[in-house]
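Colleague: A structural model of the following input is requested.
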Amino acid sequence: MSEKSVPTVESDVTSDNIDPETKNPRVRFFSLIILGFSTFLAGCTLSILAPFYSKEAEDHGISVTASGTVFASVFVLQIIFTPVFGKYIKVIGSTKLFIFGVMTSGLTNILFGFLPAIQSGPVFLGASLAIRSVTALGESAMNTSVYPLARKRCAKGSQSSMMSMLETMIGFGTTIGPFIGG
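Modeller: Numbers count the residues shown, from 1 in each chain. Okay, the predicted model is just below:
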């Protein structure tokens, strides 16, 4: 058997579909772990409010309909922002967009934790909507950029499996989020 006929990891690493900055298998592996964990946390962000926000809004005199608007605002704004980021991802760059999305989502999630300190109901609702809107911006940026980043870091034959894993992580995060929030 000749040396050329034996498939090796090196042949995958030097193929054109992998980003030259991530040819090291260890770097690629940890990059994919970070992307997967980020998508898991993104899913958690979408659903973590479920156990406590309605009660907190009620304590501030906010109606169920208004508190439902806070939940829905993230999804509606993601429908708007995701195609915009998709259009400009080549201009902005996947890595920059990912970092922006993760930082924005993380900071707004921390800010959301301080909302109970607001005493006024209308101010509480306005701040909730504003913070969740910025969270949607960050989530859209991160979710738009995570797929091209993952595709650059895996071999051509495993790209579909990687996309499936990322989708699974978002679903798992959305499922686990209420348990974390409660």
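Colleague: From now on I want contacts and neighbour counts done on CA atoms only, so please keep to that.
Modeller: Will do.
Colleague: Which strand or helix spans the residue nearest in space to the middle of the chain?
Modeller: Centrality entry for the chain: nearest residue to the mean C-alpha point is Ala42, 3.7 Å, by C-alpha atoms, centre = their mean. Element membership for Ala42 (DSSP states H and E) is helix 25-47.
Colleague: packing partners for that helix?
Modeller: helix 121-152, helix 159-181 (3 or more C-alpha pairs under 8 Å, 6 or more residues apart in numbering; DSSP states H and E).
Colleague: What residues sit buried inside it?
Modeller: Buried residues in helix 25-47, counted by 16 or more other C-alpha atoms under 10 Å: 28, 31-32, 35-47.
Colleague: if I read this right, Ser73 contacts Ser133, doesn't it?
Modeller: Yes. Counting by C-alpha atoms under 8 Å, Ser73 touches Ser133, with 6.6 Å between them.
Colleague: if we can go back for a sec, now mean pLDDT too, for the helices and strands packed on helix 25-47, in a markdown table please.
Modeller: A markdown table is the format used below for the helices and strands packed on helix 25-47 (pLDDT from 0 to 100):
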| stretch | mean pLDDT |
| --- | --- |
| helix 121-152 | 90 |
| helix 159-181 | 81 |
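Colleague: okay if I get these as TSV plus distance to Phe81 and mean neighbour count?
Modeller: Below are these laid out as TSV (distance: least, C-alpha to C-alpha, whole Å; neighbours: other C-alpha atoms under 10 Å):
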stretch	distance to Phe81	mean neighbour count
helix 121-152	6	22
helix 159-181	18	17
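Colleague: Switch these over to TSV; also include distance to Asn109.
Modeller: Compiled in TSV, the helices and strands packed on helix 25-47 are given as follows (distance: least, C-alpha to C-alpha, whole Å):
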stretch	distance to Asn109
helix 121-152	7
helix 159-181	12
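Colleague: helix or strand for Pro51, which one?
Modeller: With DSSP H and E as the test, Pro51 turns up in no helix or strand.
Colleague: going forward can the numbers begin at 17, since that is how I track them
Modeller: Right, with 17 as the first residue, what we last looked at is Pro67.
Colleague: what about it, distance to Ile192?
Modeller: 12 Å (C-alpha to C-alpha, to the nearest Å).
Colleague: Next: Glu74.
Modeller: Shown here: Glu74 relative to Ile192, a distance of 24 Å by C-alpha to C-alpha.
Colleague: Same check on Ser156?
Modeller: Ser156 is 20 Å from Ile192, by C-alpha to C-alpha.
Colleague: And for Met185?
Modeller: From Met185 to Ile192 the distance is 10 Å (C-alpha to C-alpha).
Colleague: Could I get the contacting residues of the closest residue to Ala157 other than its chain neighbours?
Modeller: Leaving aside its chain neighbours, Ala157 sits nearest to Gly117 (4.7 Å; criterion: C-alpha to C-alpha, 6 or more residues apart in numbering). Residues near Gly117 by C-alpha atoms under 8 Å, 6 or more residues apart in numbering: 153-159.
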